[in-house]
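>>> Okay, sequence plus prediction incoming.
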Amino acid sequence: MTARSFKKLFSPVDLRGHSLRNRIVFGAHTTNMAVEGLPTERLAAYYAERAIGGAAMVVVEPMPVHPAAVLTRGNFRHSDDSVIPHFRQVTEAIKSNGAVAIQQLYHIGSHGDQDNAFHPAWSPSGMPSYHDSDGSHAMNEAEIEQTITGFVEAARRCHQAGFDGVEVWAAYHGLVDQFWTPWSNRRDDKWGGSLENRTRFSREIVTRIRAICGDDFIIGMAVNDEPDVEIALQRESISEIIERHDREQMIDYVTCGSGSYFDFYKLMPTFLYPEKLGVDLAGTLKGVVRHALVTAESHIRTPDNAETVLGEGQADLVSIVRGQIADPHLANKARDGRTDDIRGCLSCNQMCWGRRSRDYWISCVVNPSTGRESEWGGDRFMPAEIRKSVLVVGGGPAGLEAARVAGERGHKVVLTEASSHLGGAYRLAGLQPRRAQVTDLIDWYERQLGKLGVEVRLNTYMEADDVIAEQADEIILATGSLPPETGFQKAIPQRAELDGLAHGNVHSTEEIMARQVRPGKRVIVLDEGGNWKGCGTAWKLAEDGHQVTIVTPDPLVGKELQRTASDFPLRRTLAGLGVKFMVESAIIRWNGTAATIRSFVDDQESDIEAETLVFATANHAENGLALALSERGVRFQEIGDGAAPRQAAYAIYEGRKAGIEV
């Protein structure tokens, strides 16, 4: 697809007197990069990179408007003018690079976080939190007024800091949505009951913001689509509410996301969900608004998706968040007809929501410069002062990234790979159900290496003499890892080897996904990682018609996937395929046709018949080449699984770092 195909996407549009250079928004999301409640150089550089990359409007992450609204360790200071000068560096970073700067304002209402807020959660009617196990405080009229004032004062600070506008967070069953929703608003005063009363809270907020910030100040509103939850507002009700705000031109745009605190999994949908989740609501609202622009958000990853949404008249703007986290220059590349150069988001949530869920600042699996823009110069590379010859051994994710970045910097790079294809074991992940985006990433690397003139040698096994013979100025080893062949389980560390291993029919997930073996009809997957290595392999086996039982020492299947908001949709998918779960258990014996399982809860043992046993456990580093070179005094860098077996994010990070440093 060429740039000319994106006619809608790259047409300018006016937003309350502010000209947007295209229809691409970098929407609000929590980066958690504040320190002691103040925006940092890290934060400013993060947003600047997306503005440099061509986004027309950047919506900076939410500002809590009241002590009860604090949700994360990286939240900004609420109710404090000291943030204003610090935010000026953020607005300058965005606006000086051609984008409109907006800040989102939020209050989560009943869904507070006591660990961070140390303040009772406030809500219209004292309903329970869906964030944790706590209840909330029903607001009185004075507290409602205090909260409205909190929104207005936050908007004033934004205005004084140089923001072009604010986005009022009325989505995901936060406080504004709680006032709108009859289930959570059970009041019988002027703030509850009729539509007029239930929208009074939000109408007062935006009316007072307009009065204090002026006519040229943009006011947006974020809402969400939640058709699968009966008590959540449905599209017809949301349309009625937005039309009520739009009628008097209270808002200038409305952003449509998906999911909520009732179903958090759709809020940042992974590849388990269809794309373009926010589009149906956006299309519905397009039919009722007369003034406000409509932004479609949620799982719109690519310019192609965005152009389709705009071309079908379902929205005026598109918010591509994770797509621009993965490639901050997505907009410019699409504009210039270089869509093949866009590094696609994997929809995995591993380092964006996965790090945020643990209260760290966010990053990205495929783009480790995310969050490190101020340290590494963004997603752009300075030419090397001295052009060197660089040998990279190993074509997995670490080696691919090291070779690419070294090539970007002008070095002469040779990449050797022992097998017949690039990607290493990571390529096997792309063969799991719905994970083809991993394969797309490897294909992207191949295209980039070709354009950079990197010499790729496949089917080339390197020994120490071969490495030395290359006479490279810099050597980077990315030799990967291998699965153990002992059946060792961390859950029973006193046993170095699985009893009965000699009976055979015991394989690694790598052997299964590479189709090196033919598993029997009944398969047991021992999963100690709680991630896609075991769970995705079990899914593939079940999809291929095998009867699968997952055994895990964890209290639930997919424990590590909780941080990515993909564990429950995965379990539901596996259950639908007939996969059985045995949790808090280990395999203590294998006889070739059955495994003996011991429960850690009651120490009871049971036998499960199966023809094949598959292990998803930690690998060991394939570092023989590193040891041989060390013995001969050869200097090198060791990265990725060859240094220590880990997930792809850390391999790609080390590849980026090595490529920058050579």
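Received the coordinates, thanks.
>>> Mind checking what secondary structure the nearest residue to T612 once chain neighbours are set aside has?
Among residues not flanking T612 along the chain, P519 sits closest, at 4.0 Å (C-beta to C-beta, 6 or more residues apart in numbering). The way it works is simple: take the backbone N, C-alpha and C, and place the C-beta from them, glycine included. Secondary structure for P519, judged by DSSP: H, G, I helix; E, B strand; the rest coil, is coil.
>>> tally of neighbours for P519?
20 (other C-beta atoms under 10 Å).
>>> Over to the one 4 residues further on?
Look at V523: counted by other C-beta under 10 Å, it has 25 neighbours.
>>> same question, H503
Neighbour tally, H503, other C-beta under 10 Å: 15.
>>> For it, which residues are in contact?
590-592 (C-beta atoms under 8 Å, 6 or more residues apart in numbering).
>>> Report pLDDT for the residue nearest to T612.
At P519, the predicted lDDT confidence score is 97.
>>> from what I can see it touches T509, true?
No: with contacts counted by C-beta atoms under 8 Å, P519 stays clear of T509, the gap being 11.1 Å.
>>> This structure - how does it break down into domains?
9-321, 389-482+621-661, 501-618 (automatic domain parsing).
>>> one step back: could I get the contacts of H503 as JSON lines with neighbour count and pLDDT?
Listed next are the contacts of H503 as JSON lines, based on neighbours: other C-beta atoms under 10 Å; pLDDT from 0 to 100:
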{"residue": "W590", "neighbour count": "23", "pLDDT": "98"}
{"residue": "N591", "neighbour count": "13", "pLDDT": "97"}
{"residue": "G592", "neighbour count": "16", "pLDDT": "96"}
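>>> Restricted to strands, list these.
Assigned to strands by DSSP state E, the following of these qualify: W590.
>>> As CSV, the contacts of H503 with distance to A648 would be great.
As requested, those are arranged in CSV below (distance: C-beta to C-beta, whole Å):
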residue, distance to A648
W590, 30
N591, 36
G592, 34
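>>> ok, back up a step: Throw the domains of the chain into JSON lines and include distance to G377, thanks.
JSON lines is the format used below for the domains of the chain (distance: least, C-beta to C-beta, whole Å):
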{"stretch": "domain 9-321", "distance to G377": "9"}
{"stretch": "domain 389-482+621-661", "distance to G377": "9"}
{"stretch": "domain 501-618", "distance to G377": "28"}
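>>> Figure out which of those domains is closest to S363.
domain 389-482+621-661 (7.6 Å; C-beta to C-beta).
>>> okay, and the common contacts of P519 and T509?
Here P519 and T509 have V614 as joint contacts, going by C-beta under 8 Å, 6+ apart.
>>> rewinding a little: next one: the residue nearest to T612 from E511, what distance?
From P519 over to E511 the distance is 9 Å, taken as C-beta to C-beta, to the nearest Å.
>>> The helix or strand containing D440 - what's its average pLDDT?
According to DSSP states H and E, D440 maps onto helix 436-452. Average pLDDT, helix 436-452: 98.
>>> so how far does stretch 368-375 reach from one end to the other?
In stretch 368-375, first residue to last residue: 11 Å (C-alpha to C-alpha, to the nearest Å).
>>> just stretch 266-276 next, same as before
End-to-end distance for stretch 266-276: 11 Å, by C-alpha to C-alpha.
>>> just how off-centre is it within its chain?
10 Å (C-alpha atoms, centre = their mean, to the nearest Å).
>>> Name the residues of that stretch that come out as buried.
Buried residues in stretch 266-276, counted by 16 or more other C-beta atoms under 10 Å: 266-273, 276.
>>> and L577, how many neighbours does it have?
Residues near L577, counting by other C-beta under 10 Å, number 17.
>>> in the helix holding D440, what's buried?
For helix 436-452, the neighbour count (16+ other C-beta under 10 Å) marks 437-439, 441-446, 448-449, 452 as buried.
>>> before we move on, back to that, among the domains of the chain, which is nearest G371?
Here domain 9-321 is closest among the domains of the chain (C-beta to C-beta), at 6.3 Å.
>>> any idea of the mean pLDDT in that closest one?
Domain 9-321 comes out at a mean pLDDT of 96.
>>> what about the helices in the stretch 351-500 of the chain?
Secondary structure of the stretch 351-500 of the chain, counting by DSSP state H, counting those that start in this stretch: helices at 353-356, 373-376, 397-408, 426-429, 436-452, 464-470.
>>> same for the fifth one, what does it pack against?
Just to be clear, that refers to helix 436-452. helix 397-408, helix 426-429 (3 or more C-beta pairs under 8 Å, 6 or more residues apart in numbering; DSSP states H and E).
>>> tell me the angle of it relative to helix 397-408?
With axes from the mean of the first three to the mean of the last three C-alpha atoms, to 10 degrees as the basis, helix 436-452 and helix 397-408 are set at 30 degrees to each other.
>>> which residues sit against helix 436-452?
Under the contact criterion C-beta under 8 Å, 6+ apart, helix 436-452 has outside partners 271, 340-341, 343-348, 366, 400-401, 403-404, 407-408, 413, 415, 422-423, 426-427, 429-431, 456.
>>> One more: stretch 515-524?
With C-beta under 8 Å, 6+ apart as the test, stretch 515-524 has contacts from 505, 507, 511-512, 541, 546-551, 587, 595, 608-614.
>>> low-scoring pLDDT stretches of the stretch 451-600 of the chain, where are they?
Applying pLDDT under 70 to the stretch 451-600 of the chain picks out no residues at all.
>>> Skipping its backbone neighbours, what lies nearest the residue nearest to the spatial centre of the chain in space?
What sits nearest the mean C-alpha location of the chain, by C-alpha atoms, centre = their mean, is N349, with 2.9 Å. What sits nearest to N349 in space, not counting adjacent residues and going by C-beta to C-beta, 6+ apart, is T564, at 3.8 Å.
>>> and the gap between the one you found and E584?
Look at T564 and E584: by C-beta to C-beta, they are 22 Å apart.
>>> now D225
37 Å.
>>> buried residues in stretch 625-632?
625-626, 629.
>>> what's the answer for stretch 450-462, then?
452, 454, 456, 462.
>>> now do stretch 179-192
179-181, 184-185, 187, 191-192.
>>> ok, now stretch 547-556?
547-554.
>>> need those residues in JSON lines with distance to P12, can you?
Listed next are the buried residues of stretch 547-556 as JSON lines, based on distance: C-beta to C-beta, whole Å:
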{"residue": "Q547", "distance to P12": "57"}
{"residue": "V548", "distance to P12": "53"}
{"residue": "T549", "distance to P12": "57"}
{"residue": "I550", "distance to P12": "52"}
{"residue": "V551", "distance to P12": "57"}
{"residue": "T552", "distance to P12": "53"}
{"residue": "P553", "distance to P12": "56"}
{"residue": "D554", "distance to P12": "51"}
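>>> Please report phi then psi for V506.
Main-chain torsions, V506, degrees, to the nearest 10: phi -110, psi 120.
>>> and stretch 176-185, how far out from the chain's middle?
Mean-position distance between stretch 176-185 and its chain equals 28 Å (C-alpha atoms, centre = their mean).
>>> C-alpha coordinates for it, PDB please?
C-alpha atoms of stretch 176-185 as PDB (Å, rounded to 0.1, in the frame of the first residue of the first chain):
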ATOM      1  CA  VAL A 176     -18.000  10.100  35.600                       C
ATOM      2  CA  ASP A 177     -19.400   6.800  34.100                       C
ATOM      3  CA  GLN A 178     -20.500   5.700  37.600                       C
ATOM      4  CA  PHE A 179     -22.700   8.800  37.800                       C
ATOM      5  CA  TRP A 180     -24.100   8.000  34.300                       C
ATOM      6  CA  THR A 181     -24.800   4.300  35.000                       C
ATOM      7  CA  PRO A 182     -28.000   3.600  36.900                       C
ATOM      8  CA  TRP A 183     -26.500   0.400  38.500                       C
ATOM      9  CA  SER A 184     -23.800   2.500  40.300                       C
ATOM     10  CA  ASN A 185     -25.800   5.700  40.700                       C
END
